[in-house]
Structures are given as C-alpha cells and as structure tokens.
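Asks: output the structure for:
(2 chains)
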Number of protein chains: 2
Amino acid sequence: MALVVQKYGGSSVGSTERLLAVARRLIAAKQRGDHVVAVVSAMGDVTDELLEKALEISDCPPEREMDMLLATGEQVTIALLAMAIHSLGHEAISLTGAQAGIVSDSSHTRARIQEVRTDRVSEALDAGQIVIVAGFQGLTPEGEITTLGRGGSDTTAVAVAAGLGADVCEIYTDVDGVYSADPRIVPNAHKIDVVSYEEMLEMAATGARVLQLRSVEFARNHGVVLHVRSSFNDNPGTIVREADATMEQAIISGVTHDTSEAKVTIRDVPDRPGVAADVFGRLADANVNVDMIIQNVSEHGTTDISFTTPKDDLVRARQAVGRVVADLGARGHTVDESVAKVSLVGAGMKTHPGVAAKMFRALADADVNLDMISTSSIRISCVIDAAQVGTAVRALHTAFGLDEGSVVAEVAPAAAGGAS
Amino acid sequence: MALVVQKYGGSSVGSTERLLAVARRLIAAKQRGDHVVAVVSAMGDVTDELLEKALEISDCPPEREMDMLLATGEQVTIALLAMAIHSLGHEAISLTGAQAGIVSDSSHTRARIQEVRTDRVSEALDAGQIVIVAGFQGLTPEGEITTLGRGGSDTTAVAVAAGLGADVCEIYTDVDGVYSADPRIVPNAHKIDVVSYEEMLEMAATGARVLQLRSVEFARNHGVVLHVRSSFNDNPGTIVREADATMEQAIISGVTHDTSEAKVTIRDVPDRPGVAADVFGRLADANVNVDMIIQNVSEHGTTDISFTTPKDDLVRARQAVGRVVADLGARGHTVDESVAKVSLVGAGMKTHPGVAAKMFRALADADVNLDMISTSSIRISCVIDAAQVGTAVRALHTAFGLDEGSVVAEVAPAAAGGAS
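Replies: Next comes the predicted model:
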C-alpha cells in the first residue's frame, strides 16, 4: 500500500464537473489500495474575485486581513470536493491548513511553512478516509491564519508529502508535464520523463512555469519525489527526483525563457573598490531582487554596471538607482524593458565541455545578439532582445537535438571546456 | 467606558457601501469612548449561493462539510469589514468563530454554544482595536468547524456579550425595532420601547421574526440587555431586558401571527389511556415538532386529536401519523395547511383578568372563527383560517388599544378571570 499526495490547481477544480472528475481520480487511487491525500487550490478565478472585492474597499488592505479573506477560497474547494467524493459513495474529510497541521511563520501573504503536524491527517487516513487539505494556507503558533504566497499550494502538497513520508507527490496541472521548451514557442518540444531536482530548480528559476522554485526546493530538501502530470488525462508526466546512476543524464534537459525581467544599466560609475557593494547594498535595502549582474571597466577609470530585475520591482529599482547615480557621481542610468533571458539547462553540462561555445554559435547563426551572459555549473543564460526570444529558443532546441524524434547530438569536446 | 457588542445581519453588510456604513458606525461608537465588538453574518445572499453550489454536487451533502463550506461566508465579511475600518484610519482585527473562542458541541449545522473563551477578544479590545467576530460559527473541542443554525449570528453576539460582561448587545437589522404587530399587516403598529425577556420569548415563539427565540433565551439566561435597532438610521430601537419595577407593564405588548404551521387531525381514535402518549411519542421519534395540541372526546368512545406542526416537518408528520392511524385503528387523518396562529402577548395579563374573554369577543365581532386555543400565563394563541389572519391581527391590535396614538384601553374585570 502506497501513500500518495495529489495536488490540484485552480483550473483542475474550476467547476462542478471538474471537481467531480478530481473526486473520481482520487477514488480510483484509493481503490488501487493506496492511502490518498489531496491538496487543492481555490476554484478557478475565486482568488482574483476576492482580491477585487478587497480592492473595492481599500487600496492597501492589511496583509493579515487579506489572508483571512483569501483563505476562504481553498476552504470552499475542500468542502465541495469532500461532498463530491461522498456523493460518489466514498469516505472523505476536508481539513483547513490549520486542521491539517500546517504551521507557518507570521509573514502574512508570503508565509513560510515551519512545521507540518500530520497526526490528524494520519488518523483520517488510518480510518480509511480520503483526506482533502486546503493548499496555500497555514496557521501561526499564535493561531493567526496565513497564506503562503506564490506557489503556495504546491508547497503545501510537498510539505504534507514530506511530513507523511509519502511515496510520491503528484502535481496535477493543465499540461502533461515538464517540457524541453515552452510548446507554444517550440511546437516539437518533448515532454521530459525524468529530471533531477537540480535541473528542475534551474528550469524553474529561469522561466519554466509548471513548478514553482520554492516547492522544488522543498521537495529536494526533504527527498520528496514529484510527479508533474495532467488532470485531464492519465498519461504519465514528468518525475522530479534525486539524480542517481539509474537516471540517464541528458546533456541538455531543456531550453527555458523568461520575459519578466528588465535590464538596468548605470553609466560611468567611478571605478573604485566598494562601488558594486554600495550599488547592490542600496538595491537590497530597497527590496529589489537582482538576477544577473555585469560590470565592465572602461579605459577612462569609470565602469558601466548592468543588472536584470523583475519588472515588478522596477519602480523601486528606478528610485534606488536614481539615488545611487546622484551619490556616486555616475553619468546616469538607462532601463531596457524589452529584454528576454534564454537559458540552457542540463546536468550533463558538468561533464561535457563545449556546451557554451555551441550555444553561442547557434545563437550567432540565428542572428541573435547576446547582451549579457551568466552561468551555473548546469545552466547557461543569455539576455537578448525580447523580439528574438522565439527564434533563440527554437535555434537552441534544434541545435541541442531536443526536437521530438531527433537523435541526441553529441557535443564536440573543446579546449575551452566546461559549461562557461 | 462601556463595552458594546453590535451584531449586523446579512442585509446590513450586503454590499461594499453597506460595509463601509457599518464601519463608520463602529468607529463612531469607538470614538464615543466605548470598547466595541462587532458580530457579523455572511453578506447578502452569500449563504444561499454556497448552498446552491453544494446542492449542484450532492442532494444530501454531509453536514460536517456543509459547515466547512458555509463558515467561509462570515469569514469573508469579517476580513472585508476589518479592511473597511482600516481604510477609514482606525484599528480593527477580524476573528473567526474559532479564534474568538466560540466553543460549540459537535451537532453540525445546528451546533449549540458550550462556552465562550474571551481572552483573545479582550486582549484585542485592551489594545484599542475594534474586534470583528464571525457570527454563526464555532469550533468543537476536537477542532471541528461548526455552524450554529438558525439565528446563529444573534446567538454568537449574545454569547460574546455574556462572556465579556458587555453593557449592551445591539442587534442591528432592517427594521426599527420590535413592533406591536407586523407593520405590513397593521400600518399603525407602534415600535415597543422596552419589553421583558418573557414577553419577547413569547413573541418570538409565536411569529415575531426580528429576534430568534434562541438568542432571547440565551440573553435571558445570562442577563444580557438587548437593543434591537435599525442599521439604516440612528433611531433608538427596542430594549429587551429583565422586567423590573421601573418598567411600565403594558397589559398587552403585542399581537403576533404565524402562518408557517399546519394543522393535523386524527379522526376517531379509540379513547383509552395512553393513546395520546402513543401518538406524540411516535411523532417525537420521527423528529416532528408539535406546537398546539387539542383532544376532544366524542360520545362514541372515540376521540379526535388535533395538533399543529411546522409545514417543514409535514412530510415526516404525515408518515408518522399514517402509521399511528393504522396501528390504533383510527378512522383516518386530515391535514389543513391554510391555518394561521394569532397570539396576544403581555406580561400584564397575569394581573388583569378578562383578557381572553375580550380577545375572543374581538375576534367574534370580526367574524373570525376559532379553531384551536392555547395559552400561557402571558400569552393567548388562537388558530384560525389563514385567509383571516390580517383581519384578526388588526381587530386585536385595535381592541387592545395598541394602535399608534390610541389611549390604552382598560380591561374590564370579569368573573372568568385570568388569561385563559
């Protein structure tokens, strides 16, 4: 008998019919003899509707009260899903985040899970019930209702799976799994069967939207095997787990892209020790997230500093940079919002030199100019013109033999080895 | 500094504008220097919409899950109301029933409050916050979410007021207070300024819909002073409190009516000891509520037994009575759904004989035929034809001098004294 945690997002529970379909899927798992826990999000657009109501009343509602409000969304889903299972003749019990023992810190609207007390879930499972847990929400030790922010329901599912020692945490979504590239851009992208935590982390961090970085990190830290799959069919999806000898390591697992960032450049900053620390210290103080950083010293004793930041942080970034420019006596700053980041991710990169050279060649052949470059041991990212993102992703997907049906291309060993 | 609990029903919080109006009213009370607790219901039709969703999924959803679902309605209201108060520049905190310490038994959908642990509410009040509590819901000692059933939010308000030792529990509604009769039937009915718990209980039990019997009982048992008033204006409403020497006792406080019951008659039941116990034991077993009972022995050694019961219970009543008729060898049974109950309520009845005689005379003069009669020490009720309910209520309202502007009529002492 296995213990399975299944997580269903908002689109998977968006209507009465969808709820009944999820109920049947849970019952099927139960009938295979497994212990079954479901973690669910708010139905369809419910969260947006609640947000809208709040904004009718206040431009800036207190975060504690936002959590009080938004937590009702998942509570409605769990109750209706339990009813659906009962109506099909099976036993189920719904549990709020608080009841399921999801203990969080008190950072309202973006709380972190501190602990999962699984006693109540375990009791219900032992009593033969399908257990339905409200995702996205927790309770502080002081009894305050919190929400977990972006990717919260996935994180709840992984945390419950970790707490229970589940055999697998299935993340149901509206796509078949993790793809080698966004199928809307690369029509012959293929579904990845197995991917390591490390690769999935890099993919999530660079634009793969099917899993949130946060839940993958949680899964890696607790050794929870993830299975990303569709709630609309029974196809096997993508398994995310620890890399081991049995996992065939593709050199490149996927090509990701991200158009949510902007590039900021500070011109002619005096080139003296501590300047970069000063600039990025100020940005951190202003709560601006910084992704890639490049600094180039010119011949005139000044330097240009460029960085990328989420467009969501741009208002704060402009203010902070404006102050930095004045204080350091730099010439000024520019902001480019029409940039995209294209990334190549693959654990095999570590042992196959020449990937970077091949990547740059492929992009050059496609007439894509590189604006910034950054790397990790299993990832290479380039910032390019946003208008070329489709061209770039398709060129890389083809060059590295990722197109469905193609033979995996060998990477030629090169003197300038390694991924960078 | 006084401590005030204010309860707002669904129509009082039915829109963003109404919520802001309630927020302003709470702030005004706070600015008068009082400690303020608000108890609120779900907004407008929210509860009905949730019920509808549940019934789309299941004809007979588990009661535990209904409570899980319905409790979200009040949770949305408390969050939005707290936001509204914040947006007007004042401090507020919302608390679910669980957080406010409303401990209930585990009778889902109709739970009874067992205890109110007011620590958290008191702390928030001491911190200068307006405290907003979700009505209608509780938590069992085992951590299960319950709802309190009909009149639940009023009961929450009274229970919180009792727990805190509040000076007054204000029940805000869409009418100005408790009236001497339903103003839709008696246009010159007057608002009652003060009424005793006993009278209010009789009025609530016989059809006055502004307060639920249950919350009045709770208030009486804990000595909570109620003030029933309108959320649409600042007029003083009706005070409900312990009768004492300072309260001028009207002979008759009000005329109530109720068309929600049906009359069932079992014909020609053998007249022998234990028959009534048998009949009503069976009805109790079938969970049928019985209001008035009449038994008349005929000359043939058989008897007719009539009783009234809520129309909601009629399906169960018919089944139970059908079995009784067969088992006892009665002739059959009839059901009359077009009956109404008209009641006269007044604490002064105890000391003023002749009220009953005057009531029957007034009804006779209005050509209203009496079908059944029942009394308590401060109430007389008659069952009549439903078509005559308006005529009967108006006739009694006038006969007992209750019409606005009229002089209170003296009741003539009569030999057949007392209320009955």
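
Asks: next one: the residue in the stretch 201-350 of chain A that chain B sits nearest to from B:Glu52, what distance?
Replies: Per CB to the nearest CB, A:Ser231 is where the stretch 201-350 of chain A lies closest to chain B, at 17.5 Å. Heads up, the C-betas are built off the backbone N, CA and C, glycines and all. Using CB to CB, to the nearest Å, one gets 25 Å for the distance from A:Ser231 to B:Glu52.

Asks: spell out which parts of chain A neighbour chain B.
Replies: Applying CB under 8 Å from any CB of the partner chain, one finds that chain A approaches chain B through A:16, A:19-20, A:50, A:53-54, A:56-59, A:61-62, A:64-66, A:68-69, A:71-72, A:75-76, A:78-80, A:82-84, A:86-87, A:93-94, A:96, A:99, A:120, A:143, A:145.

Asks: go again using 7 Å as the cut-off
Replies: Residues of chain A that fall close to chain B, judged by CB under 7 Å from any CB of the partner chain: A:16, A:19, A:53-54, A:56-58, A:61-62, A:65, A:68-69, A:72, A:75-76, A:78-80, A:82-84, A:86-87, A:94, A:99, A:143.

Asks: ok so, going back, next one: phi and psi at the residue of the stretch 201-350 of chain A closest to chain B?
Replies: With angles defined as degrees, to the nearest 10, A:Ser231 sits at phi -90, psi 0.

Asks: and it, how many residues sit next to it?
Replies: Using other CB atoms under 10 Å in any protein chain shown, A:Ser231 has 21 other residues around it.

Asks: please name the residues that touch it.
Replies: A:Ser231 makes contact with A:Tyr8, A:Ser12, A:Val22, A:Tyr172, A:Thr173, according to CB atoms under 7 Å, 6 or more residues apart in numbering or on different chains.

Asks: got a quick PyMOL command for the buried subset of these?
Replies: Restricted to buried positions by 16 or more other CB atoms under 10 Å in any protein chain shown, the PyMOL selection for these reads:
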select buried, chain A and resi 8+12+22+172+173
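
Asks: narrow the contacts of A:Ser231 to those in strands?
Replies: Judged by DSSP state E, strands contain the following of these: A:Tyr8, A:Tyr172, A:Thr173.

Asks: what is the nearest of the residues you listed to B:Val383?
Replies: Proximity of those to B:Val383 (CB to CB) peaks at A:Tyr8, which lies at 54.8 Å.

Asks: show me what that closest one is bridged to.
Replies: Note on A:Tyr8: beta-bridge partners by DSSP bridges are A:Val40, A:Tyr172.

Asks: so it makes contact with A:Val22?
Replies: Yes. If you go by CB atoms under 7 Å, A:Tyr8 and A:Val22 touch, sitting 5.4 Å apart.

Asks: circling back: in TSV, list the contacts of A:Ser231 along with pLDDT.
Replies: Output for the contacts of A:Ser231, formatted as TSV (pLDDT from 0 to 100):
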residue	pLDDT
A:Tyr8	97
A:Ser12	92
A:Val22	97
A:Tyr172	96
A:Thr173	91
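
Asks: flag the shaky bits of chain A, pLDDT-wise.
Replies: Applying pLDDT under 70 to chain A picks out residues A:245-249, A:405-420.

Asks: residue boundaries of the helices in it?
Replies: If DSSP state H is used as the criterion, the helices of chain A fall at A:16-31, A:46-57, A:63-87, A:119-126, A:152-164, A:197-205, A:213-222, A:275-285, A:314-328, A:355-365, A:389-399.

Asks: quick check: chain neighbours aside, which residue is closest to A:Ile251?
Replies: In space, and not counting its chain neighbours, A:Ile251 is closest to A:Gly348: 3.5 Å by CB to CB, 6 or more residues apart in numbering or on different chains.

Asks: what segments of the stretch 101-250 of chain A are strands?
Replies: Per DSSP state E, counting those that start in this stretch, the stretch 101-250 of chain A carries strands over the ranges A:102-104, A:113-116, A:130-134, A:137-139, A:145-147, A:168-173, A:194-196, A:226-230, A:238-241.

Asks: wait, A:Val339 touches A:Val383, no?
Replies: Yes. Counting by CB under 7 Å, A:Val339 touches A:Val383, with 5.3 Å between them.

Asks: out of the ones in strands among the contacts of A:Ser231, the closest to chain B would be?
Replies: Ranked by distance to chain B (CB to the nearest CB), the ones in strands among the contacts of A:Ser231 are led by A:Tyr8 at 15.5 Å.

Asks: tell me the contacts of that closest one?
Replies: A:Val22, A:Ala38, A:Val40, A:Ser41, A:Tyr172, A:Ser231.

Asks: looking at those, which one is closest to A:Gly163?
Replies: Nearest member of the contacts of A:Tyr8 to A:Gly163, counting by CB to CB, is A:Ala38, at 15.1 Å.

Asks: and for the closest one, nearest residue in space, chain neighbours not counted?
Replies: Counting by CB to CB, 6+ apart, A:Ala38 lies nearest to A:Ile132, which is 4.8 Å off, once chain neighbours are set aside.

Asks: can you name the residues bridging to the one you found?
Replies: A:Ala38, A:Ser94.

Asks: rewinding a little: more neighbours: which of A:Val339 and A:Val383?
Replies: Neighbours of A:Val339 and A:Val383, each counted by other CB under 10 Å, are more numerous for A:Val383; the result is 23 against 19.

Asks: rewinding a little: just put the contacts of A:Ser231 in JSON lines and tack on distance to B:Val224.
Replies: Formatted as JSON lines, these follow (distance: CB to CB, whole Å):
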{"residue": "A:Tyr8", "distance to B:Val224": "46"}
{"residue": "A:Ser12", "distance to B:Val224": "48"}
{"residue": "A:Val22", "distance to B:Val224": "46"}
{"residue": "A:Tyr172", "distance to B:Val224": "50"}
{"residue": "A:Thr173", "distance to B:Val224": "52"}
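
Asks: which two among the contacts of A:Ser231 are spaced furthest apart?
Replies: A:Val22 and A:Thr173 (12.5 Å).

Asks: count the residues that sit near A:Thr351.
Replies: A:Thr351 has 11 neighbours, counted by other CB under 10 Å.

Asks: and if you look at A:Ala166?
Replies: Taking other CB under 10 Å as the criterion, the count of residues near A:Ala166 is 23.

Asks: chain B versus that one, what's the distance?
Replies: Note on A:Ala166: its distance to chain B, by CB to the nearest CB, to the nearest Å, is 23 Å.

Asks: if I read this right, that residue contacts A:Leu3, doesn't it?
Replies: Yes. With contacts counted by CB under 7 Å, A:Ala166 reaches A:Leu3, the gap being 4.6 Å.

Asks: ok, of the contacts of A:Tyr8, which one's closest to B:Ala28?
Replies: Closest to B:Ala28, out of all of those and judged by CB to CB, is A:Ser41, at 39.9 Å.

Asks: the closest one contacts A:Gly10, doesn't it?
Replies: Yes. Between A:Ser41 and A:Gly10 there is a contact under CB under 7 Å: 4.5 Å.

Asks: in terms of neighbours, single out the busier of those two.
Replies: Neighbour count, other CB under 10 Å: between A:Ser41 and A:Gly10, A:Ser41 has more, with 26 against 23.

Asks: now the more buried one: how far from A:Val103?
Replies: Using CB to CB, A:Ser41 is found at 20 Å from A:Val103.

Asks: hmm, what's the outermost residue in chain A?
Replies: In chain A, the residue that sits farthest from the middle, by CA atoms, centre = their mean, is A:His300; the gap is 42.1 Å.

Asks: with adjacent residues omitted, what lies nearest to that residue?
Replies: A:Asp268 (7.6 Å).

Asks: the one you found: neighbour count?
Replies: With other CB under 10 Å as criterion, A:Asp268 counts 18.

Asks: measure it to B:Lys358 for me?
Replies: Computed as CB to CB, the A:Asp268 to B:Lys358 distance reads 102 Å.
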